[in-house]
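Peer 1: I need the structure of the sequence given here:
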Amino acid sequence: MSKLEEAERLLLEMTNSEKAQLLQLVVRDLGEAFPGIETDPTVSGGEAYIVRTRIPVWVLEQSRRLGTSEAEILRSYPSLRAADLANAWAYVRAHREEINKQIEENEAA
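Peer 2: Numbering: from 1, shown residues only. Predicted coordinates for the structure are as follows:
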């Protein structure tokens with residue numbers, strides 16, 4: 001039985017109160033999740049990047065800071081979708097210091 005099947009079986013046995021508590025745990029656990037954004041030490045030097053593209057989030061943020069519009073960014077990177085940019089901006093808001101450091105390091109290189 002897969003973990004998902006086991007979770008479904010357990011869910012059916014739970015009271016509504018237990019389900020609400022479980023939902024709170026899941027939401028808390030996913031609080032740091034950013035759909036479409038991943039980090040992997042073997043990709044982009046471990047920097048956060050857009051899945052399917054390997055474009056680092058800091059590159060997109062630096063483009064935005066330099067005045068590039070979202071439409072221009074999407075034209076420059078045809079594999080990006082508007083949702084990718086929305087996820088990238090959410091990641092930047094939550095990890096501003098990390099992104100600032102990456103931009104600074106890459107400007108100095």
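Peer 1: can you pull out the strands in the protein?
Peer 2: 37-38, 49-50, 55-56 (DSSP state E).
Peer 1: Would you mind finding the most buried of those?
Peer 2: Of all the strands of the chain, strand 49-50 carries the top mean neighbour count, a mean of 24, counting by mean count of other C-beta atoms under 10 Å. Just so you know, the C-beta spots here come from the backbone N, C-alpha and C atoms, and that holds for glycine as well.
Peer 1: what's that one packed up against?
Peer 2: Strand 49-50 makes packing contacts with strand 37-38, helix 57-65, helix 82-94 when contacts are defined by 3 or more C-beta pairs under 8 Å, 6 or more residues apart in numbering; DSSP states H and E.
Peer 1: Now find how far off-centre the longest helix along the chain is within its chain.
Peer 2: Longest helix in the chain, counting residues (DSSP state H): helix 16-30. Distance of helix 16-30 from the chain centroid (C-alpha atoms, centre = their mean, to the nearest Å) equals 21 Å.
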